[in-house]
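Novice: Test case, fold it:
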Amino acid sequence: TEAGQDLVRTWRTDTALGGLSVARVTDRVRWQLEGWLNRGTTGRSPVSSLGHDPEPSGLVHLALRAEEVLPVGAEQGRLWGDPSGADRRAQRALHRVQGLLGAEAVLGAVLQGGRDLHDQVHLVPWGEDLPAARTATAPWPGRLPPPAPATVLTEPPEVDLRAPDGAPVGVSARLELSGEPAALTLEEPEGATVRRVVAWAGPWPVVQRWWAAGADRAAYLQVLTDDGAGLLLVLRDGAWRLEARYD
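Specialist: Numbering: from 1, shown residues only. The predicted model follows:
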């Protein structure tokens with residue numbers, strides 16, 4: 001730029017979605033510049049992920065460089081056939097949002113190592129191939145056994161878990177349940193719902209950073225209710241919460 005800053009953006013592409021044709025390259029360059037120039041109105045910078053946040057100034061040089069190329073036909077096709085037009089339109093919309101608001105405005109989830117379900121999700125900018133912070137192939141003792149739940153709730157609601165005699169179900173220091181789970185009450189938008197527990201497994205303890213003041217101690221319990229729902233409950237700080245759902 002006229003101010004002497006170098007702005008760099010690397011794009012990855014998928015040939016199954018059309019590759020980087022002339023029109024797509026033109027769109028991405030235009031969106032990138034538009035997002036940078038509108039940084040003051042959006043509050044986000046398209047190059048914020050690179051550690052920059054420069055003020056807009058005139059361009060004196062623009063260059064495009066292919067970092068890596070492959071022969072046509074060398075890329076593995078998709079398992080379930082070619083993408084639809086809706087796939088291509090969705091990709092174009094996501095790239096446009098990234099150009100306007102920044103690469104970190106659109107995130108995708110990849111698997112990484114961890115014991116807690118939330119720790120196993122690593123968010124990276126859409127289209128980027130960044131390594132996860134923790135390897136998923138490490139043993140991670142204490143993590144939940146497979147299969148993984150299909151839906152992990154961002155704000156786990158509190159549930160009331162009761163034994164057949166109506167007493168609250170707790171977990172002792174020896175990781176023993178105080179009673180067999182028989183019913184749980186879940187607060188839902190339409191009101192409280194009571195479900196009968198027909199099967200359960202656990203508990204699994206997860207203790208992280210036990211030596212620190214903010215140690216995380218939890219116990220997980222898998223339950224199957226009479227309506228066929230598979231639920232993952234977690235006991236943390238004396239309260240049961242619905243952590244995830246199985247499909």
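Novice: What strand or helix carries residue 233?
Specialist: Applying DSSP states H and E as the criterion places residue 233 in strand 230-236.
Novice: which residue sits closest to residue 192, ignoring its sequence neighbours?
Specialist: residue 185 (5.5 Å; Cβ to Cβ, 6 or more residues apart in numbering). In this view, the C-beta of every residue, glycine as well, is placed from N, C-alpha and C.
Novice: okay, the angle between the helix or strand containing that neighbour and strand 230-236?
Specialist: In this assignment (DSSP H and E), residue 185 forms part of strand 183-188. Going by axes from the mean of the first three to the mean of the last three Cα atoms, to 10 degrees, strand 183-188 is angled at 90 degrees with respect to strand 230-236.
Novice: and after strand 183-188, which helix or strand comes next?
Specialist: strand 191-208.
Novice: Please identify the buried residues of that following strand?
Specialist: Residues 195, 197, 200, 202-204, 206 are the ones in strand 191-208 that count as buried (16 or more other Cβ atoms under 10 Å).
Novice: Residue 132: neighbour count?
Specialist: 15 (other Cβ atoms under 10 Å).
Novice: Let me know the secondary structure of residue 219.
Specialist: Using DSSP: H, G, I helix; E, B strand; the rest coil, the secondary structure recorded for residue 219 is strand.
Novice: beta partners of it?
Specialist: Applying DSSP bridges to residue 219 gives these bridge partners: residue 205, residue 235.
Novice: What about residue 120, how many residues nearby?
Specialist: 21.
Novice: go on, residue 140?
Specialist: Residues within reach of residue 140, counting by other Cβ under 10 Å, total 15.
Novice: And it, how far from residue 151?
Specialist: Using Cβ to Cβ, to the nearest Å, residue 140 is found at 21 Å from residue 151.
Novice: Most distant residue from the centre of the protein?
Specialist: residue 165 (39.6 Å; Cα atoms, centre = their mean).
Novice: Surely that one is in contact with residue 179?
Specialist: Yes. Using Cβ atoms under 8 Å, residue 165 is in contact with residue 179, at 7.0 Å.
Novice: how deep is residue 153 tucked in, by neighbour count?
Specialist: Neighbour number of residue 153 under other Cβ under 10 Å is 15.
Novice: Could you list which residues are in contact with the closest residue to residue 168 other than its chain neighbours?
Specialist: Spatially, and ignoring its direct neighbours in sequence, residue 168 is nearest to residue 162 (6.3 Å; Cβ to Cβ, 6+ apart). Neighbouring residues of residue 162 by Cβ atoms under 8 Å, 6 or more residues apart in numbering: 168-169, 179, 181-185.
Novice: Just want the angle from whatever helix or strand residue 160 lives in to strand 191-208.
Specialist: Per DSSP H and E, residue 160 falls inside strand 158-162. Angle of strand 158-162 versus strand 191-208, following the same axes, to 10 degrees, is 90 degrees.
Novice: Which of the residues in strand 158-162 are classified as buried?
Specialist: Of the residues in strand 158-162, 159, 161-162 count as buried by neighbour count, 16+ other Cβ under 10 Å.
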